[in-house]
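S.K.: got a structure for you, letters missing:
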């Protein structure tokens, strides 16, 4: 009995995968090479330069953290479009990714505002690390609670079923690809926004901590048969909050 021939990845899929890998690699190179913007060296906490540098930092970080988790959906989207309209597949896929990242750009704006506000009030230090145990515990409890909510489960289910999403949310043309990316990004945001708050606990530019959170996001999305995983992360947050309070 002959063994089935190994599945060969076609060139367009390799091209899409390579483009996403380069995007992620460039984001991480930037994070490693660029120091975290500091108010004292960037014109002050409320200066436009500090806000702009902080926004760039957050957005590049979101690209590095979230692009790997959306790669399966992007590859499926590209494959479906190649079957339907090969000449427009690359453009629609680029629009899909752009729409997805636009959601995380909006989140990055909010995260920048939150970082500036929390530094100003003393809740975090200039390195983006929680400076008060009460604030640390509050963030951990909030994240832990959200991990158990129906909203978390509903958004995660959408992220774990890209084929169903692509069929249900299909829109034609380049604009349609962008809108589909926006919709998928909103589900992803609903799934992961609370986890991103943990960056203020371990350090916004603590790259080891960033990698841990990115890994949690990827595993949650790519292991659909583990509904206990988000809850386990929530329990871990509760335990960490208790530890912080007892200290």
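M.R.: Arrived safely, thanks for sending. Keep in mind the model is a prediction, meaning the values are calculated, not measured. Residues are numbered from 1 along each chain as shown.
S.K.: Pick out the least confidently modelled helix or strand of the chain, by mean pLDDT.
M.R.: Within the chain, no helix or strand scores below helix 162-168, which has a mean of 88 by mean pLDDT, DSSP states H and E.
S.K.: for the helix or strand following it, packing partners?
M.R.: Using DSSP states H and E, the helix or strand that follows helix 162-168 towards the C-terminus is helix 173-197. Counting contacts by 3 or more C-beta pairs under 8 Å, 6 or more residues apart in numbering; DSSP states H and E, helix 173-197 is packed against helix 48-84, helix 86-121, helix 133-146, helix 150-160, helix 162-168, helix 207-222. All C-beta atoms are positioned from the backbone trio N, CA, C, and that covers glycine.
S.K.: For the nearest residue to residue 13 once chain neighbours are set aside, which residues are in contact?
M.R.: Spatial nearest neighbour of residue 13, chain neighbours left out: residue 75 (6.1 Å); criterion: C-beta to C-beta, 6 or more residues apart in numbering. Taking C-beta atoms under 8 Å, 6 or more residues apart in numbering as the criterion, residue 75 is in contact with 13, 16, 17.
S.K.: Separate out the buried members of the residues you listed.
M.R.: residue 16 (16 or more other C-beta atoms under 10 Å).
S.K.: Which of the contacts of residue 75 sits closest to residue 182?
M.R.: residue 16 (19.3 Å; C-beta to C-beta).
S.K.: and that closest one, what element?
M.R.: Going by DSSP H and E, residue 16 is in helix 11-33.
S.K.: average pLDDT across that helix?
M.R.: The average pLDDT for helix 11-33 rounds to 92.
S.K.: Any idea which residue is closest to the centre of this structure?
M.R.: What sits nearest the mean C-alpha location of the chain, by C-alpha atoms, centre = their mean, is residue 66, with 3.3 Å.
S.K.: Now that one. Nearest residue, chain neighbours left out?
M.R.: Nearest to residue 66 is residue 104, by C-beta to C-beta, 6+ apart, at 5.7 Å.
S.K.: Just the pLDDT at residue 40, thanks.
M.R.: On the pLDDT scale, residue 40 gets 87.
S.K.: number of nearby residues for it?
M.R.: Residues contacting residue 40 under the criterion other C-beta atoms under 10 Å number 9.
S.K.: hang on, isn't it packed against residue 126?
M.R.: Yes. Here residue 40 reaches residue 126: they are 7.2 Å apart, a contact under C-beta atoms under 8 Å.
S.K.: residues contacting the residue nearest to the centre of the chain?
M.R.: 100, 101, 104, 188, 192, 214, 217.
S.K.: Name the helix or strand for the residue lying closest to residue 144 once chain neighbours are set aside, please.
M.R.: If the residues on either side of it in the chain are set aside, residue 144 comes closest to residue 237, at 3.4 Å by C-beta to C-beta, 6+ apart. For residue 237, the host element (DSSP H and E) is helix 228-246.
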